[in-house]
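Chemist: pasted the sequence and its predicted model underneath.
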Amino acid sequence: MRVSEYYNLNRGQGTLDFVDVDTVMDVPVYIDPSTIRHLSDDWGKECIHMLTTFFDSVLDAVRHGDKARADYLLGNLGEPNETHLGISKGKSAGRGFGKWMREEFAAKLAQSQAAKTGLIEDLEDTAFFIDKVDKDIISDVTTNIIRGPLIAYTRQMATAVGIPLEEGVDSGPVWNAQTLEWENGLTQLPIADGEKLLLVPKVIVRRDLHLSRSEYYRNHLVPTLQAEEEADPRSKLVRVLKSGKRKVYRKDVEVKYGSSKPDVRRETLGRPSVYRHYKEVKAQIAPDAISHAELSQASGTPAPDYRKLLQAVVNTPVGNAEANNYHARVEALLTALFYPSLIMPEMEHEIHEGRKRIDITYTNNAKDGFFAFLTRHKIPAQYVFVECKNYGREVGNPELDQISSRLSPLRGRFGILACRSFEDKDRFLKRCRDTALDHRGFVVALDDEDMSKLVDDVVAALNWVPPFPPPDEPVIPPRVETYPLLHERLKLLVS
C-alpha cells in the first residue's frame, strides 16, 4: 500500500514532492549523491556539507590507519529500511552496511590504490573502485549520512499533505557535520505499519547513478586505450585501412583489456587523468531529475492526470468556506505542472517572525526553462511564492499589495497570485506591471482560465510528435518547462 493510500491523502505520485513508496515493499529507485550536489538551495547545501565532511572523515581515518575511528564512523551505517527504496524483494530488508559489509568496506578502502592516490574523493567514487559497492549501497549510505535533513523534509511534507506525526520516535544515528560525530535523539516521524517512515524528495532519486561506470568505460576509457594503441607502432591491434590510416577497433580493445569492474579499475589506476577528466565533465552537467513518466514506471503508479487536477480546481466553489480546499487543489496542480523546476512546497510558510504568511512557497530547482530564465535575467527567484484567493469577488490592489509585500531580494522577487476570475483582467495585469515598475516585485496573476492554458501547454508538450513529412525548416519541439503563458505575462511586466 502506497503512502498516499495508507494515509488517505487523495493524491497521486505526480502531485507529491516525495516518492510515494509502498509502506512495506521497496521501490527500485536510488538516492544519488551526485544529484544532490547539483541542488542549490539551503537543504541541498546542508546535505552536501554532510556528505563531504563524513566521507572526508572516513578517508582521513583510513589513510592514517585509525581503525577505531573508521569502525566508529562506518559502524553507525545501518540498514535504512524506513525509506523503502532499493531492490529488496518482499518486505523491506535493507541492503546497507551490515557488520560484515562495514568491515569489508573499510578493509578494501584501506587497501585501495585509488584511495591512496586520491582518485577516491567522494562517496560515489567507491562504486568504481571498491568491489560489491554499487548504486544500492551508495543510496543506503547516503540515506544514513543525510538522515537529519531527511527527517526535517519528512516533517515538512507531512505537515503539507496531512500525514500525522508521532512523538518520541528514535531518530537513528544522525551525522553532525560540525562535531564530526554521530548523534541520536527522539523526533517526530510518521509511523506506517508499525515502522517509522522517512520521505525522500523525488528530485534526488534516480534509476541509475549520474556517475556511470559503463558510460565512463565506453566514452572515456576505451577511446583513450584506442588512441594509445594507434600511437604504438608495435601494437597488434592496429589495422591499416586502404587510405593508410591506422585504426583500432573498439571490440579489439575490449577483448585485450576487458570490461569488468576490476578491469576498469586496473586500467584507470594507470591513467588517473582519464577518470578525473570524466568527473570534471560530469560535474558541469546537472543530471536530469527523474521524470513523472520514469517514476511512474519504476513505482507502478499512474502518471499525473493534469486535466483531472485542473477540474478539481475549477470545480471548487468560490468563497471562504472552500478556501482551504482551493488552496490544497492549486498546490496539487502546480506541484505536478511545475516539477522538477519547482520543488519542496511549503504551506503557510511564516516570514517576518510569524507576522506574515505565504500560502505556498516553492524552491526553485530549474536548470532550464522559464524559472531558470528568471535567475539568468537577474530576477531573484531562489524561492517562488504563490498566494491563493478563492474569492467570489474581484481581486484588487489589497491582494496584489499582500503578495508583493512578501517578496524580497533575499527570498525572491517573483510570485504567482492564483484566483478564480477577473471582471477586468487587462486592468489587473496593468496593476501587476505598475508593481514591477515600482520595484516591488514581479507578480503573475493566474485565474481558472489561465490555469487551463498552463495545462493545455504542458499536455501539448508531452504529446508532441514531429510533423511528417518533415518540413523544410527544422521544427523546435515544445518543452514542458518553458511555460509560454508565464513568459508572456512576464513580458507584460517588463515591456
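Modeler: Now that the structure is in, tell me what you want to look at.
Chemist: against Pro173, how distant is Leu77?
Modeler: 8 Å (Cβ to Cβ, to the nearest Å). Glycine gets a C-beta too; all of them are placed from N, C-alpha and C.
Chemist: more neighbours, those two?
Modeler: The neighbour count for Leu77 versus Pro173, taken as other Cβ atoms under 10 Å, is higher for Leu77 (23 against 17).
Chemist: against Asp208, how distant is that one?
Modeler: Counting by Cβ to Cβ, the gap from Leu77 to Asp208 is 22 Å.
Chemist: on the three-state scheme, Gly168 is what?
Modeler: strand (DSSP: H, G, I helix; E, B strand; the rest coil).
Chemist: grab the nearest non-local neighbour of Pro478.
Modeler: Ala461 (4.2 Å; Cβ to Cβ, 6 or more residues apart in numbering).
Chemist: toward the C-terminus, what is the element adjacent to the worst-scoring helix or strand of the chain on mean pLDDT?
Modeler: Scoring the helices and strands of the chain by mean pLDDT, DSSP states H and E places helix 99-111 at the bottom, with a mean of 79. Going down the chain from helix 99-111, the next helix or strand is helix 113-116, by DSSP states H and E.
Chemist: can you tell me what sits against that following helix?
Modeler: 59, 62-63, 109, 120, 125, 128-129, 265, 268-269 (Cβ atoms under 8 Å, 6 or more residues apart in numbering).
Chemist: returning to what we had before: tell me the SS of the residue nearest to Pro478?
Modeler: helix.
Chemist: I'd assumed Phe338 was in contact with Leu454.
Modeler: No: if you go by Cβ atoms under 8 Å, Leu454 and Phe338 don't touch, sitting 9.1 Å apart.
Chemist: more crowded one of the two?
Modeler: Using other Cβ under 10 Å as the criterion, Leu454 and Phe338 rank with Phe338 on top: 27 against 20.
Chemist: bridging residues for the closest residue to that one other than its chain neighbours?
Modeler: Excluding the flanking residues, the one nearest Phe338 by Cβ to Cβ, 6+ apart is Tyr362, at 7.0 Å. When assigned by DSSP bridges, Tyr362 has beta-bridge partners Val384.
Chemist: ok, Tyr362 - contacts?
Modeler: 334, 338, 342-346, 383-386 are the contacts of Tyr362 under Cβ under 8 Å, 6+ apart.
Chemist: pLDDT value on it, please?
Modeler: Confidence at Tyr362, expressed as pLDDT, is 96.
Chemist: next: Arg406.
Modeler: Confidence score, pLDDT, at Arg406: 88.
Chemist: how about Arg431?
Modeler: Predicted confidence (pLDDT) for Arg431: 94.
Chemist: ok, the one 4 residues further on next?
Modeler: Here the pLDDT value assigned to Thr435 is 95.
Chemist: cool, and Gly98?
Modeler: pLDDT, Gly98: 58.
Chemist: one more: Pro80?
Modeler: 87.
Chemist: quick one, what contacts the closest residue to it other than its chain neighbours?
Modeler: Nearest residue to Pro80 in three dimensions, chain neighbours excluded: Thr143, at 4.1 Å (Cβ to Cβ, 6+ apart). Contacts for Thr143 (Cβ under 8 Å, 6+ apart) come out as 31, 80, 83, 85, 96, 150, 198, 200.
Chemist: just the buried residues out of those, in PyMOL syntax.
Modeler: In PyMOL, this line selects whichever of those come out buried by 16 or more other Cβ atoms under 10 Å:
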select buried, resi 31+80+83+85+96+150+198+200
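Chemist: Thr375 contacts Val384, doesn't it?
Modeler: No: Thr375 is beyond contact range of Val384, at 10.8 Å (criterion: Cβ under 8 Å).
Chemist: compare neighbour counts for these two and give me the winner.
Modeler: Val384 (25 against 16).
Chemist: how close does that one sit to Met344?
Modeler: 11 Å.
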